[in-house]
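**Q** Sequence first, then the predicted structure:
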Amino acid sequence: MRILLVEDHPPLAEAVIGALGRAGFTVDHAGTAAEALEIAAIADIALVLLDLGLPDGDGLKILPRLRREGRVPVIVLTARDQLEDRIAGLDGGADDYVVKPVEMPELIARCRAVLRRPGDRSATVLQVGPLAFDTVTRSVGVNGAPVVLGRRELGVLEQLMRTAGRVAPRAVLEEAIYTLDDEVTPNALDAAVSRLRRALDGAGCPLPIVTVRGIGWMLAGGAVN
Amino acid sequence: MLMALAVLLLNVVAVAVYYGSDRRETEDEAIAHQFERMEQSLTGTLVPAEAAVRKLYSDHPDAYAFALVDRASTVLEAVNANLIPPVATTIFADDWVTRLNTPSGPLIVAGHEFAERTDGLRMVFVMAEDPAGLLQRALLTEIYLHVGLPIVPVVLLLIGANALLIRQSLTPLAAAAVWARGLHPGRPTPPPPPERLPAEVADLVEATQRSLDRLTEALALEARHAAEAAHALRTPVAVLVARLDALPPGEMTDRLRADLAALSRTVAQVLASSRADRLEVDAGTATDLRDVAQRVVAALAPFAHAKGVDLSLDQPDTPVFARANAEGVDIALSNLIENAILHGGAGAVEITVGDGPSITVRDHGPGLPQGAGAQMFQPFWRGPRAVPGGAGLGLAIVERLQSGQGGAIEVQPHDEGGCVFVLTYKKIEK
């Protein structure tokens, strides 16, 4: 998969290119906004990592053109960490906002998470560690061995995998199962999560589903892969 | 005020000296007073004089005497007649005073015809000594008449007017003081008091404003320098963090990663610190603490999980609005939760949003270090069990954020172990 890294600081660019390369991505590098637009126009880019402070202008200005009407996801990678900056970045069409310095495993996990999100760029198979989820056949496997799950558990797992390494709020997960069945009791979600946990444990999946009481659940381990 | 009192005193002294130095004048006054009293006490055509008037004479038989004499020089009434020289009752004159030197001492003899009456009644008054202090009383009466009556009201009026004037002219100064109390370096200067200020006070206000503006500028510059320095450090730290990824896994790599994490946290803290001083919270800023708590807890959950800590959040179903800046709450709460994760040991960290409005962070760690109190909130304070590499800025930043927003931070040990940090905020005035 091809990633365009727009970063004007040579040592940082070199280090990030190395890390992304080791994670299996092909990386194109642009040091300026103009160069970034040139590369984006000719190459088939799956994801853009965009620094905001570029020598020839603010990264936010070229963000809309890099996105190509939302076909290409963009992660803003910047040293600006104020709340307003983050909001401006996300409002400007960024799919995620990562503040430097960032650990490479986390950056890679974020890239994967963005690439997993639904839309015309979504892969049919979501992969988190040994766990695979085919969104077309709606089948799940751990290290290639199939795991049988109910519809609600599938809905919950898909959402957890799309946001692996981060907390999926209760409301988001509820939505994922309510669309399948309108007759849902208040603790149907809790029941579905515990069934899912048992099933994954039974299949030998090492990734725990962490409860963050009062917020939601998180499929841990996404950042490690 | 003092001036007025001095004038009053000067007058009293002047009158006292004038009359005191002229004994004769005082004597005349005292005698005239006796005649007057007698005349007032006589009713009808004839005497005897009233008991009250007579008392002076009966009390002092060797000092005072009087006689009432009619037109035919017949003595109608006399008290202590032995003091009266016989010739005195025969003198026809409206008003006379004479001073005699007799073998037993000086004697003042006076006569007066009561002009108000038509029967020609006269009185003769004699004073050998003055044990009743008639002269003294006459002097006091004079002082009262010449000083008390005309000057005291004027003085009182003057004092009153002065007090009023001074108070009135100090009102703008008081307003300026109220204004000055509202000034804080680093915050925008509030508009000067609306009262019309006299030129001198206006000058003071303006000078204060100017020096405060300069101070604010200097503070802002300092904060900007710190922020710029921290900001400039971010990219090299980012490079280091990224390069670390290329190192083969191992103990040394893990140690370097931990060191770098601490360095990067410190850089972030310095930036947060410079921001903490510049937070602006106006009365209208309403933040739902639940939103912030939810965001912060969700953001820190992966970090907590990596450290073996379970986070949980308890909050009411209805919004908990506080007068606070969302980013300020975010930074403060993030700091407290990170501290709890790093220092609270493995175990649960419970975050609770309450109607205070407040947010509490409770850990199940070893509790507060011995002797840690208010000093925990001083910059660069580090607990004895602190993880190496921290800068000791976190709690100081929280403290500054809280005071900047009119809130507070408190810490107390929990009965069942661990400790509880409480962030409180101002309520939204309805």
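**A** Yep, that arrived.
**Q** neighbours around residue A:33, how many?
**A** Residue neighbour count, defined by other Cβ atoms under 10 Å in any protein chain shown, stands at 23 for residue A:33. Using the backbone N, CA and C atoms, a C-beta is placed for each residue, glycine as well.
**Q** Which residue ranges of chain B form strands?
**A** For chain B, the strands defined by DSSP state E cover B:64-69, B:75-79, B:95-102, B:105-113, B:122-127, B:286-288, B:309-314, B:321-323, B:347-354, B:358-362, B:408-413, B:419-424.
**Q** Out of these, which is closest to chain A?
**A** strand B:309-314 (3.1 Å; Cβ to the nearest Cβ).
**Q** Could you look up the SS state of residue A:102?
**A** Judged by DSSP: H, G, I helix; E, B strand; the rest coil, the three-state class of residue A:102 is coil.
**Q** Where is the longest helix in chain B?
**A** helix B:199-244 (DSSP state H).
**Q** Could you check how far it is from the centre of its chain?
**A** 35 Å (Cα atoms, centre = their mean, to the nearest Å).
**Q** What's the mean pLDDT across that helix?
**A** Averaging the model's pLDDT scores along helix B:199-244 yields 81.
**Q** what would the strands of chain B look like in a markdown table with distance to residue B:397, mean neighbour count and mean pLDDT?
**A** What follows is those, written out as a markdown table (distance: least, Cβ to Cβ, whole Å; neighbours: other Cβ atoms under 10 Å in any protein chain shown; pLDDT from 0 to 100):
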| stretch | distance to residue B:397 | mean neighbour count | mean pLDDT |
| --- | --- | --- | --- |
| strand B:64-69 | 94 | 23 | 87 |
| strand B:75-79 | 100 | 16 | 83 |
| strand B:95-102 | 97 | 12 | 84 |
| strand B:105-113 | 96 | 19 | 86 |
| strand B:122-127 | 94 | 23 | 87 |
| strand B:286-288 | 18 | 18 | 87 |
| strand B:309-314 | 21 | 20 | 90 |
| strand B:321-323 | 18 | 23 | 88 |
| strand B:347-354 | 18 | 20 | 89 |
| strand B:358-362 | 15 | 23 | 91 |
| strand B:408-413 | 10 | 15 | 85 |
| strand B:419-424 | 12 | 21 | 89 |
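**Q** thinking again about what came up before, next one: the longest helix of chain B, is it in contact with chain A?
**A** Yes - judged by Cβ under 8 Å from any Cβ of the partner chain, helix B:199-244 and chain A are in contact via B:231, B:234-235, B:237-244.
**Q** can you give me the strands in chain A?
**A** Assigned by DSSP E, chain A shows strands spanning A:2-6, A:26-30, A:47-50, A:53-54, A:57-58, A:74-78, A:96-99, A:125-128, A:131-134, A:139-142, A:145-147, A:167-169, A:209-212, A:216-219.
**Q** re earlier: using TSV, please lay out the strands of chain B together with distance to chain A.
**A** As requested, the strands of chain B are arranged in TSV below (distance: least, Cβ to the nearest Cβ, whole Å):
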stretch	distance to chain A
strand B:64-69	102
strand B:75-79	107
strand B:95-102	103
strand B:105-113	103
strand B:122-127	101
strand B:286-288	11
strand B:309-314	3
strand B:321-323	16
strand B:347-354	8
strand B:358-362	12
strand B:408-413	20
strand B:419-424	17
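**Q** Between the ones you listed, which one is closest to residue A:110.
**A** Of all those, strand B:309-314 sits nearest to residue A:110, with 20.3 Å by Cβ to Cβ.
**Q** Show me what the closest one is packed against.
**A** strand A:209-212, helix B:289-306, helix B:326-343, strand B:347-354 (3 or more Cβ pairs under 8 Å, 6 or more residues apart in numbering or on different chains; DSSP states H and E).
**Q** ok, and what's touching the second one?
**A** For helix B:289-306, contacts defined as Cβ atoms under 8 Å, 6 or more residues apart in numbering or on different chains pick out A:165-167, A:169, A:210, A:212, A:214-216, A:218, A:220, A:223, B:310-311, B:313, B:315-316, B:319-322, B:324, B:326, B:329-330, B:333-334, B:337-338, B:341, B:349, B:351, B:353, B:357-359, B:425.
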